[in-house]
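J.: how would this look folded up:
(one chain, ligands or ions: 1)
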Amino acid sequence: MSIADNIKSLKNETAGKKVSLIAVSKTKPVEDIKQAYDAGQRLFGENMVQELLEKHEHLPADIQWHLIGHLQSNKVKYIAPFIGMIQSVDSLKLLQEINKHAAKHKRVIDCLLQIYIADEETKYGLGFDEAIELLRNEEVSELNNIRIRGLMGIATNTDNEKQIKDEYYELKTFFDGIKQSFFRKDAAFDTLSMGMSSDYKVAIEQGSTMVRLGSTIFGQRVIKHWKNN
Ligand SMILES: *Cc1c(COP(=O)(O)O)cnc(C)c1O
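T.: As a prediction, this is how the structure comes out:
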């Protein structure tokens, strides 16, 4: 199936479910992204700042770009002028840095706190306790140029569906608790980004409101560097 067909069938599959679809285009060339764009897709996710900057430059301005990979504080300034959402916030320091650069551009940048749920050592993110500690910090409420829209999590890369289901269930439960405790009066705290190509159906069953799909849309990623594709 073509990229356009994949987008259409995913749109049908998620129709009426209040789940938004991020097309994860990392390592894929600009031409592939254009095909998805022409099929109506507007939300795209990238995990590397440099790659994101170059693609942003070559593609239509009405694309909403989501950063889904680890972000170093010293790179925030490059994406602050245009980024739609930063899904990988994993420290107060990073949140402060995003706030600072968003203010320079008179913007409010939407952010998700990335929560560590996987049974793996390699994944970035805040533990449940660390996320609560961050939200309790009074400085957070003084950051007027960021808006915490919700949480993001990556499940363990495993064939064990029960484990994935349990991890997403825990994240959804945590999300509901955080909403109750810290965002009860804030309707903008509405996003639970969980689910990738291998596990998005389980994630949606468990209450995901945003799935991040790469290979399901664009095919397998074989080459690491997008310009040599
Ligand atoms: C690469 C990536 C995805 C998409 O992965 P697929 O398995 O290709 O769907 C989703 N989320 C994050 C954080 C990623 O880095």
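
J.: what about the helices in the protein?
T.: For the chain, the helices defined by DSSP state H occupy 3-14, 30-38, 49-58, 76-79, 92-104, 128-136, 138-141, 161-182, 200-205, 215-218.

J.: what sits up against the last one?
T.: This means helix 215-218. Among residues not part of helix 215-218, those counted as contacts by Cβ atoms under 8 Å, 6 or more residues apart in numbering are 3, 6-7, 10, 23-25, 28, 32, 36, 197, 200, 221. Quick note: C-beta positions are derived from backbone N, CA and C, even for glycine.

J.: what pLDDT does the residue most central in space within the chain get?
T.: Centroid check for the chain by Cα atoms, centre = their mean gives Q87 as the closest residue, at 3.9 Å. What the model reports for Q87 is a pLDDT of 98.

J.: L67 is in contact with that one, correct?
T.: Yes: with contact defined as Cβ atoms under 8 Å, Q87 reaches L67; the gap is 6.5 Å.

J.: can you pull the contacts of whichever residue of the chain sits closest to the ligand?
T.: Here the chain gets closest to the ligand at one residue, G214, 2.6 Å apart by Cβ to the nearest ligand atom. Residues in contact with G214 (Cβ under 8 Å, 6+ apart) are A23, V24, S25, K26, K28, G45, M196, S197, R221.

J.: okay, those in JSON lines with pLDDT next?
T.: Listed next are the contacts of G214 as JSON lines, based on pLDDT from 0 to 100:
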{"residue": "A23", "pLDDT": "98"}
{"residue": "V24", "pLDDT": "98"}
{"residue": "S25", "pLDDT": "98"}
{"residue": "K26", "pLDDT": "97"}
{"residue": "K28", "pLDDT": "96"}
{"residue": "G45", "pLDDT": "98"}
{"residue": "M196", "pLDDT": "98"}
{"residue": "S197", "pLDDT": "97"}
{"residue": "R221", "pLDDT": "88"}
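
J.: out of those residues, which are buried?
T.: Buried by 16 or more other Cβ atoms under 10 Å: A23, V24, S25, K26, K28, G45, M196, out of the contacts of G214.

J.: show me what contacts the first one?
T.: A23 makes contact with I7, I33, A36, Q41, L43, F44, G45, L213, G214, I217, F218, according to Cβ under 8 Å, 6+ apart.

J.: quick one, which of these are buried?
T.: Neighbour-count burial (16+ other Cβ under 10 Å) applied to these gives I7, I33, A36, Q41, L43, F44, G45, L213, G214, I217, F218.

J.: need the residues you listed in a markdown table (columns: distance to V19).
T.: Formatted as a markdown table, these follow (distance: Cβ to Cβ, whole Å):
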| residue | distance to V19 |
| --- | --- |
| I7 | 14 |
| I33 | 21 |
| A36 | 17 |
| Q41 | 14 |
| L43 | 12 |
| F44 | 16 |
| G45 | 14 |
| L213 | 11 |
| G214 | 16 |
| I217 | 14 |
| F218 | 19 |
